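Asker: just coords:
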């Protein structure tokens with residue numbers, strides 16, 4: 001993928017994760033599953049290569065966990 005579509009994808013993913021993250025989302029598996037589905041759908045919507053979607057989804061969730069305090073505030 002080119003840099004511009006990746007930049008747009010990163011912005012959209014950040015917005016969607018922030019909108020759907022709750023206070024205890026790192027603990028509850030149901031909320032994690034919902035965020036994972038949102039990330040996967042967004043990747044598919046932006047034409048992200050299917051063979052790399054699993055890795056990208058896991059990476060996006062790990063990054064979201066790293067900034068979990070900011071997302072919950």
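Answerer: It's in. Small disclaimer: the values here were computed from a predicted structure and weren't measured.
Asker: next, count neighbours for residue 9.
Answerer: For residue 9, the neighbour count with other CB atoms under 10 Å is 19. Using the backbone N, CA and C atoms, a C-beta is placed for each residue, glycine as well.
Asker: and the next element down the chain from the helix or strand harbouring residue 17?
Answerer: Using DSSP states H and E, residue 17 sits within helix 3-20. Next helix or strand after helix 3-20 toward the C-terminus (DSSP H and E): helix 29-45.
Asker: now do that next one: distance to the chain's middle.
Answerer: The chain centre lies 7 Å from the centre of helix 29-45; the measure is CA atoms, centre = their mean, to the nearest Å.
Asker: that helix to helix 3-20, inter-axis angle?
Answerer: 160 degrees (axes from the mean of the first three to the mean of the last three CA atoms, to 10 degrees).
Asker: what is helix 29-45 packed up against?
Answerer: helix 3-20, helix 53-66 (3 or more CB pairs under 8 Å, 6 or more residues apart in numbering; DSSP states H and E).
Asker: out of those helices, which gets nearest to residue 41?
Answerer: Nearest of the helices and strands packed on helix 29-45 to residue 41, taken as CB to CB: helix 3-20 at 9.0 Å.
Asker: for this structure, where's the lowest mean pLDDT among helices and strands?
Answerer: helix 68-72 (a mean of 64; mean pLDDT, DSSP states H and E).
Asker: in the helix holding residue 17, what's buried?
Answerer: Within helix 3-20, the residues that qualify as buried by neighbour count (16 or more other CB atoms under 10 Å) are 9, 13, 16-17, 20.
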